[in-house]
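Enquirer: next one to model:
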Amino acid sequence: MIDQVCNIMPEEMPLCYFIEAIIHKYMKLYDFHEVQTSILQPLNLFTNVLSFSTTYQKEAFFTHGLIELEDEQKYCLRPEWTLTVLNTEIVARAKAEIQKIFYTGPVFHRLPKEHQKQPYRQYHQVGAEIYGSASLVSDVEIILLAVDLVKNMGFNNFCLEINNYGCEDCKKHSCSSEDGSLSKPRAHSKPESKQDLPHLLHFTPVEHRIDSSPILKQSSADPNYLCAQCGKSFQDLKKTLINLGTPFTINSSLQLTFNFYHRLIFKISCSTNETDQITLIQGGRFDYLASSLAHFNLPAVGFTFDVDQMIALLKQRSLPISSRSDFCVGIFAVSENMELLILQINQELHGQDINTTLLENIIPQNQIETTIERYQCQVYLILRADLILSGKLLISYQEQQQEEYLQEKIRLSEILGKIKKIKKNY
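Expert: As a prediction, this is how the structure comes out:
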C-alpha cells in the first residue's frame with residue numbers, strides 16, 4: 001500500500017499553476033530549456049555511481065517498484081533527476097556547447113520496512129543545471145535564477161548561504177600529516193541514526209564513489225585549506241554577488257545532504273517562525289560527478305527544490321493567489337427548464353474560445369451573491385424565467401482592478417458582444 005502519495009486537490013491547483021508559471025517564466029528569461037527523462041530508469045544507473053554508508057540509506061533511496069525484464073536488467077522508478085539527465089544526449093551536446101536545462105517531475109523514494117505507516121513517498125522535484133561551463137558567470141547565474149524564483153514565489157524573508165567545499169588540490173593543500181589525513185576535520189552533518197534520516201528524504205543522503213566531496217569535513221571559509229584557485233574563485237563570487245546587490249551569508253558549516261557537490265555550494269532558506277529555517281533550494285557544483293559519467297572533463301552546476309514543500313509553505317502563508325488565472329464566464333439559472341439555453345450559450349462562447357463554468361443546479365435567488373464569490377469567474381450569466389420571456393438575462397461582471405461585481409440586464413443577442421468587450425478591457 002502506498003500511503004505517502006502526492007495528491008493535489010482542486011483547491012490546491014492554483015498554487016501549482018502559480019509555481020509553474022513562475023518556473024517557466026524565469027527559465028525562459030534565463031534561456032534554460034526543459035528536458036524530460038523516463039520515470040522508469042535502469043537500476044544500475046544509480047547503483048554503479050552511488051554508494052551508501054548504511055543499508056538503511058540504500059533502502060530509502062530506491063522505491064519498491066523494482067522491475068526485472070527478460071534481459072535481466074532491473075529498473076526502478078526515478079529516485080533522482082541529475083543522474084538521469086547525465087544519461088541523456090545532453091552530455092554529448094555539452095562537449096560542443098554549453099547546455100542550460102531545467103526539469104520538473106516526480107521522483108520516488110521508499111522508507112524501510114519498519115516505517116509501515118508511510119513506506120513510500122512521491123514528490124515533485126524541479127531543478128536547473130548548466131553543463132559545459134566552469135566560469136564565474138555560470139555560478140552566479142544559477143544562484144541569481146534560484147533567488148529570482150524564491151522572491152517571485154513570495155518568500156521575501158529568504159536567506160542565501162554560500163560555502164566552498166574545495167577541490168582535490170585543496171585536499172592536498174590542507175593535509176598536515178604524512179599519511180595525508182586532513183587537518184582539523186569538522187563534524188559532518190549527516191544523520192547519526194535511522195531516526196534522523198526520514199526528515200532528510202527530500203534530499204536523500206548519498207556518497208559518490210569517486211571522491212565527489214574531497215574535503216567535506218573542512219570549514220570552507222578558512223583560507224588555510226582552500227587552494228589558490230578555489231580561494232580566488234570564492235572571493236570573485238562574493239565580490240560579484242555584492243556588486244549585483246544580492247545579499248548572502250558565508251556559512252562555513254553549510255552542508256548539503258546530496259554529497260556529490262563540491263567547490264561552490266549554496267542554500268536558500270526561509271524562516272517559518274523566530275527559530276525554524278526551512279530549506280527552499282539547494283545546489284552547487286558537481287563537476288566530479290558529471291565528468292565521471294561523461295568520461296571527459298564536464299563542469300556542471302545546478303540546484304533542485306521540492307514543489308510539494310513550496311505548495312505547503314504558500315498555503316501556510318495564505319498568499320492572495322486567485323484560482324482563476326484565465327478569463328472565465330459562469331452560467332447558471334435561478335429558474336427551472338433552462339438547461340437547453342444554458343448549453344446553447346455555452347456552445348456559442350466556446351466557439352469564441354471563451355472559458356466557461358456551468359453550474360448545473362438551480363441557484364436560489366438569495367444565494368446568487370455567495371455563488372458569485374465562490375466560483376471567482378470574471379463574468380456571470382444568470383438565467384431567470386421572467387427575463388428570458390422578454391428576451392433578456394442578467395449579466396454580472398467585474399471590471400479590471402475592481403472587487404465588486406456590476407450587474408445589468410442585457411438582450412440575448414448582445415451577450416457575445418458584451419462579454420468580448422469585458423474580456424478586452426479585463
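Enquirer: can you pull out the strands in the stretch 51-200 of the chain?
Expert: Under the criterion DSSP state E, counting those that start in this stretch, strands of the stretch 51-200 of the chain are mapped to 67-68, 74-77, 99-110, 120-131, 158-164.
Enquirer: for Asp31, which of those is the nearest?
Expert: Nearest to Asp31 among those is strand 99-110 (5.9 Å), distances taken as C-beta to C-beta. In short, each C-beta sits where N, CA and C put it, glycine included.
Enquirer: about what we covered before: mind giving me CSV with the strands of the stretch 51-200 of the chain and columns for mean neighbour count and distance to Met13?
Expert: Compiled in CSV, the strands of the stretch 51-200 of the chain are given as follows (neighbours: other C-beta atoms under 10 Å; distance: least, C-beta to C-beta, whole Å):
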stretch, mean neighbour count, distance to Met13
strand 67-68, 10, 31
strand 74-77, 19, 24
strand 99-110, 21, 15
strand 120-131, 21, 13
strand 158-164, 21, 25
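Enquirer: distance of Leu83 from Leu45?
Expert: 6 Å (C-beta to C-beta, to the nearest Å).
Enquirer: what mean pLDDT does the host helix or strand of Ile415 have?
Expert: With secondary structure defined by DSSP states H and E, Ile415 is part of helix 415-425. Averaging pLDDT along helix 415-425 yields 90.
Enquirer: as a markdown table, the strands of the stretch 51-200 of the chain with mean pLDDT and distance to Ala228 would be great.
Expert: Converted to a markdown table, these look like this (pLDDT from 0 to 100; distance: least, C-beta to C-beta, whole Å):
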| stretch | mean pLDDT | distance to Ala228 |
| --- | --- | --- |
| strand 67-68 | 59 | 50 |
| strand 74-77 | 80 | 43 |
| strand 99-110 | 88 | 29 |
| strand 120-131 | 88 | 24 |
| strand 158-164 | 93 | 13 |
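Enquirer: tabulate those strands (JSON lines), appending distance to Asn346.
Expert: Compiled in JSON lines, the strands of the stretch 51-200 of the chain are given as follows (distance: least, C-beta to C-beta, whole Å):
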{"stretch": "strand 67-68", "distance to Asn346": "45"}
{"stretch": "strand 74-77", "distance to Asn346": "41"}
{"stretch": "strand 99-110", "distance to Asn346": "33"}
{"stretch": "strand 120-131", "distance to Asn346": "33"}
{"stretch": "strand 158-164", "distance to Asn346": "44"}
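Enquirer: can you name the next helix or strand after the lowest-mean-pLDDT helix or strand in the chain?
Expert: Counting by mean pLDDT, DSSP states H and E, the chain has its least confident helix or strand at strand 207-208, which shows a mean of 32. Secondary structure here is assigned by DSSP H and E; on that basis, the next helix or strand after strand 207-208 toward the C-terminus is helix 228-243.
Enquirer: the helix or strand just after that next one pairs with which strands?
Expert: The element immediately downstream of helix 228-243 (helix or strand, assigned by DSSP H and E) is strand 249-250. With DSSP bridges as the criterion, the sheet partners recorded for strand 249-250 are strand 158-164 (parallel).
Enquirer: the strand it pairs with vs helix 228-243, what angle?
Expert: 160 degrees (axes from the mean of the first three to the mean of the last three C-alpha atoms, to 10 degrees).
Enquirer: could you pull up phi and psi at Leu358?
Expert: Dihedral angles of Leu358 (phi, psi; degrees, to the nearest 10) stand at phi -100, psi 130.
Enquirer: now swap in Val301 and tell me
Expert: Note on Val301: backbone dihedrals following degrees, to the nearest 10 are phi -150, psi 150.
Enquirer: count the neighbours of it for me.
Expert: In terms of burial, Val301 registers 27 neighbours under the definition other C-beta atoms under 10 Å.
Enquirer: that one against His262, yeah?
Expert: No - no contact is recorded between Val301 and His262 when judged using C-beta atoms under 8 Å, the distance being 10.6 Å.
Enquirer: pull up the overlap in contacts between those two.
Expert: Counting by C-beta atoms under 8 Å, 6 or more residues apart in numbering, the shared contacts of Val301 and His262 are Gly284, Arg285, Phe286.
Enquirer: make JSON lines from the residues you listed and add distance to Phe108 and secondary structure to it.
Expert: Supplementary listing: the shared contacts of Val301 and His262 in JSON lines, determined by distance: C-beta to C-beta, whole Å; DSSP: H, G, I helix; E, B strand; the rest coil:
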{"residue": "Gly284", "distance to Phe108": "24", "secondary structure": "strand"}
{"residue": "Arg285", "distance to Phe108": "26", "secondary structure": "strand"}
{"residue": "Phe286", "distance to Phe108": "21", "secondary structure": "coil"}
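Enquirer: and the residues you listed, which is closest to Leu256?
Expert: Nearest member of the shared contacts of Val301 and His262 to Leu256, counting by C-beta to C-beta, is Gly284, at 6.6 Å.
Enquirer: leaving out chain neighbours, which residue sits closest to Gln282?
Expert: Lys267 (4.5 Å; C-beta to C-beta, 6 or more residues apart in numbering).
Enquirer: pLDDT at the one you found, what is it?
Expert: Predicted confidence (pLDDT) for Lys267: 95.
Enquirer: now Cys377
Expert: On pLDDT, Cys377 comes in at 86.
Enquirer: give me the number of residues near it?
Expert: Neighbour count for Cys377, taken as other C-beta under 10 Å: 23.
Enquirer: so it touches Gly330, yeah?
Expert: Yes - between Cys377 and Gly330 there is a contact at 3.8 Å, judged by C-beta under 8 Å.
Enquirer: for the two, list the residues in contact with both.
Expert: With C-beta under 8 Å, 6+ apart applied, the overlap between the contact sets of Cys377 and Gly330 consists of Thr357.
Enquirer: about what we covered before: show me what the helix holding Ile415 is packed against.
Expert: Contacts of helix 415-425 with other secondary structure elements, assessed using 3 or more C-beta pairs under 8 Å, 6 or more residues apart in numbering; DSSP states H and E, are made with helix 339-350, strand 379-383, strand 392-398.
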